[in-house]
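Engineer: using only what follows, build the 3D model:
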Amino acid sequence: MIKFYLKAKHWQLFLLMLGIPLFFEFLVILDIGIFNVFPIIMLLFIGVLFGWFWSIAIGLQKYVPQEIRMKVKKFKVFFFIPLIYMVFLTIYMSGIFSEIGINGFSKSGWIVAIILPLHLFSMFSIFYSIYFVARTLKTVELQRKVGFGDYVGEFFMIWFYFIGMWIIQPKVNKLYRNGNTTANKELK
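Structural biologist: Numbering: from 1, shown residues only. Okay, here's the model as predicted:
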């Protein structure tokens, strides 16, 4: 699956990330019901976005120079926290929304007390994942240790993925296709 994301064109990712959910939204317009389709839309979106993050961060690690050590285990922990949280939240919320007409929100007070800290920690974990993905990408591209100033552009392009994927994904394709820039220069 990692190779799929590393080889995929930007327009393919765009269609997977935004085209399929928009198709399901069209079904909502046809009065199929949002609460039947919402979990499917969210799970597809989460799967594609986080699959893209994972593929860049883990798939390009073999091109990171040996002398540069990246904390991949830390990334994996922070990667799976929001992924699991969002999957459970999506499933749970679809259950709540389907029961609103019957029970209302009378049981939701304790939910906020639990979800708010989890949500904030999940947001932190997502930002860490974006940071790690941007840093990995720039490290492989420059073949040296990088500072935040080197990859701040990639950070924001990954954060605003719907625009950034058009710029980031061609770089990923090139890095994956060519191996790494240093090895290619040495071969010439």
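Engineer: list the contacts of the closest residue to residue 122 other than its chain neighbours.
Structural biologist: When the adjacent residues along the chain are set aside, residue 122 lies closest to residue 82, with 4.1 Å between them (CB to CB, 6 or more residues apart in numbering). From N, CA and C alone the C-beta is placed, and that goes for glycine too. Residue 82 is in contact with 122-123, 125-126, 129, counting by CB atoms under 8 Å, 6 or more residues apart in numbering.
Engineer: ok, 7 Å please
Structural biologist: Contacts were defined as CB atoms under 7 Å, 6 or more residues apart in numbering; by that measure residue 82 touches 122, 125-126.
Engineer: just residue 18 next, same as before
Structural biologist: In this structure, residue 18 makes contact with residue 162, judged by CB under 7 Å, 6+ apart.
Engineer: between the contacts of residue 82, which has the most around it?
Structural biologist: Ranked by neighbour count under the definition other CB atoms under 10 Å, the contacts of residue 82 are headed by residue 126 with 21 neighbours.
Engineer: so which of the contacts of residue 82 belong to helices?
Structural biologist: Here DSSP state H is the test, and those give 122, 125-126 as lying in helices.
Engineer: tabulate those (TSV), appending distance to residue 14.
Structural biologist: Listed next are the ones in helices among the contacts of residue 82 as TSV, based on distance: CB to CB, whole Å:
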residue	distance to residue 14
122	25
125	25
126	20
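Engineer: closest to residue 50 out of the residues you listed?
Structural biologist: Checking the ones in helices among the contacts of residue 82 against residue 50 with CB to CB, the nearest one is residue 126 at 9.2 Å.
Engineer: how about the closest one, nearest residue that isn't a chain neighbour?
Structural biologist: Taking CB to CB, 6+ apart, and ignoring the residues beside it in sequence, residue 126 has residue 82 as its nearest neighbour in space, at 4.9 Å.
Engineer: ok, the one you found to residue 53 distance?
Structural biologist: Using CB to CB, to the nearest Å, one gets 10 Å for the distance from residue 82 to residue 53.
Engineer: with residue 122 instead?
Structural biologist: Taken as CB to CB, the span from residue 122 to residue 53 is 14 Å.
Engineer: same question, residue 80
Structural biologist: Distance from residue 80 to residue 53, by CB to CB: 11 Å.
Engineer: one more: residue 4?
Structural biologist: Using CB to CB, one gets 14 Å for the distance from residue 4 to residue 53.
Engineer: which residue ranges of this protein form helices?
Structural biologist: Using DSSP H, the helices of the chain run over 2-7, 10-14, 20-29, 34-59, 72-98, 100-103, 109-142, 148-159, 161-178, 181-187.
Engineer: quick one: the third one to helix 34-59, angle?
Structural biologist: Which is helix 20-29. With axes from the mean of the first three to the mean of the last three CA atoms, to 10 degrees defining the directions, helix 20-29 sits at 180 degrees from helix 34-59.
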